[in-house]
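Asks: below are the sequence and a predicted model for it; my questions follow.
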Amino acid sequence: MATQNRRTILASLKTALEELSPTYVKTVVRTYTEIDITNYLTTDLSLIEIQEPSEVAETEMTGRRSIRALEVTLRVWFVDWAEDPDATIYEALMKQIRDKVGAKFTLPQAGVPSAIATWIGGTSKIEGEMPVWNFSMGLVLKYYLDQQAT
């Protein structure tokens, strides 16, 4: 596996999310600041906004390898014309995202110098105004660096 870094991990995440069925996701964008959703049409939704992550250095004690953890927030925008969003819409959307990320970002067998693991944290409540709603998903991507810790 090639050496992983922040840029390659985020590019891989964007590519993986773009592979979701257009039934669930039509647009995926990376952002450094919050997007102005009014710049998008309802036909662009559902939209996943990959916000710029924070990054933390860790050291794996058993393997003595350096690890970087990217704490990513995905804000998911979707359309629902009901006064209260239909839970089945966003639950299906969350499941598709979780399954895609889980399938693409898994640790391979031990001994591989560079690998990725993922943890999907909590999901925020649905917010917004009819017909555009959003919720956030917490995601932690951990990847091993090739060099040994000293």
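Replies: Sure, I can see it.
Asks: is it true that residue 139 lies in a helix?
Replies: No - going by DSSP: H, G, I helix; E, B strand; the rest coil, the assignment for residue 139 is strand, not a helix.
Asks: use 787 as the first number for this chain going forward.
Replies: Done: numbering now begins at 787, and the last item shifts to residue 925.
Asks: test my guess that it contacts residue 886.
Replies: No - using CB atoms under 8 Å as the test, residue 925 is too far from residue 886 to be in contact (11.5 Å). C-beta coordinates here come from the backbone N, C-alpha and C atoms, glycine included.
Asks: the strands in this protein, which residues?
Replies: Per DSSP state E, the chain carries strands over the ranges 813-817, 833-837, 840-846, 851-865, 902-909, 913-915, 918-934.
Asks: let me know which of these is the nearest to residue 878.
Replies: strand 851-865 (10.2 Å; CB to CB).
Asks: elements contacting the longest helix along the chain?
Replies: Secondary structure assigned by DSSP state H gives helix 873-890 as the longest helix of the chain. With contacts defined as 3 or more CB pairs under 8 Å, 6 or more residues apart in numbering; DSSP states H and E, the packing partners of helix 873-890 are helix 792-804, strand 851-865, strand 902-909, strand 918-934.
Asks: spit out the contact partners of residue 863.
Replies: Contacts of residue 863 were listed using CB atoms under 8 Å, 6 or more residues apart in numbering, and they are 823, 826, 831, 832, 833, 834, 835, 914, 918, 919, 920.
Asks: now the fourth one: closest residue in space, sequence neighbours ignored.
Replies: Residue nearest to residue 832 in three dimensions, not counting chain neighbours: residue 864, with 4.2 Å by CB to CB, 6 or more residues apart in numbering.
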